[in-house]
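Student: model this:
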Amino acid sequence: MYNNTFKIYKSFFKKIDFKLLQKEIDDHENKNKAILQRKKMNLNLSGLNFMGINYNQLNKLLKQIYYFKQLRKFFKSNIILNSCSVVNINPSKVNYKRSGIWHRDVKYFNKNLYTDMLLLIVPVTDSLKINGATKFKIKNKIYQPALFKRDLLVADARLLHKSGFNRTSKKRTIITICITPPHIKPIYDFSKNNFKIQKT
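Tutor: Below is the predicted model of the structure:
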């Protein structure tokens, strides 16, 4: 279903408060900013891992993804959260460099094999052409799907993609999540943060 392509699940997230989710993102970025200032480091905050047991709406969102049967069905196995990041595209400003150039979220590409990683995009703000929605390149054609709050986009992480240009006066915010089978080592050891998804 997702091999070398993407699929959009409209209104996937039913019980997430996106205003509170945005507040969690802002709190997360403010904490990171304070840490970077103390260490006298000047880094763009977008792209940094977004995780923590205190982020209630994020954890609800991740739980809903974790129990989404289609992901296990695709991999024919259990799944793990490989990474979870926030990407902001600010209006007419310098943004997270990697997001603005064509890239893949895996370091290899063999179109004849099944992918070992799925890229999930969760729009925290509506993600449209005018504010820099993600572009995908499939067989030399460019697709720039519109995503609205509560939507979920699932894509083969090997697809070439990049952010568009934000022509509005407000930032565009998405959460990017990579899902893999258990044999792929996660980018970040979430277990060290006591992060657990408990069955309800």
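Student: Verify the stated contact: Gly52 with His28.
Tutor: Yes: counting by C-beta atoms under 8 Å, a contact exists between Gly52 and His28, whose distance comes to 7.0 Å. Bear in mind the C-beta positions are built from the backbone N, C-alpha and C, glycine included.
Student: So which of these two has more stuff around it?
Tutor: A count of neighbours by other C-beta atoms under 10 Å puts His28 above the other of Gly52 and His28, at 20 against 17.
Student: For the helix or strand that one falls within, which residues meet the burial criterion?
Tutor: Using DSSP states H and E, the secondary-structure element containing His28 is helix 18-38. Taking 16 or more other C-beta atoms under 10 Å as the neighbour-count basis, helix 18-38 is seen to contain the buried residues 18, 21, 24-25, 28-29, 32.
Student: Quick check: the gap between the residue lying closest to Arg167 once chain neighbours are set aside and Lys162.
Tutor: Excluding the flanking residues, the one nearest Arg167 by C-beta to C-beta, 6 or more residues apart in numbering is Ile130, at 5.4 Å. Plainly put, Ile130 is 16 Å away from Lys162 if you go by C-beta to C-beta, to the nearest Å.
Student: So for the two, which sits in the more crowded spot?
Tutor: Under the criterion of other C-beta under 10 Å, the comparison of Ile130 against Lys162 puts Lys162 first, with 16 against 13.
Student: Can you name the residues that contact the more buried one?
Tutor: Residues counted as contacts of Lys162 (C-beta atoms under 8 Å, 6 or more residues apart in numbering) are 99-103, 134-135.
Student: before we move on, what about Leu153?
Tutor: Under the criterion of C-beta under 8 Å, 6+ apart, the contact list for Leu153 reads 6-9, 120-122, 134, 145, 147.
Student: distance between the ends of stretch 64-75?
Tutor: 17 Å (C-alpha to C-alpha, to the nearest Å).
Student: which residues touch Leu119?
Tutor: The neighbourhood of Leu119, defined by C-beta under 8 Å, 6+ apart, consists of 105, 154-157, 159, 161, 176-178.
Student: in its sheet, what does the helix or strand hosting it sit against?
Tutor: Secondary-structure element containing Leu119, defined by DSSP H and E: strand 118-123. Sheet pairing of strand 118-123 (DSSP bridges) gives strand 152-156 (antiparallel), strand 172-180 (antiparallel).
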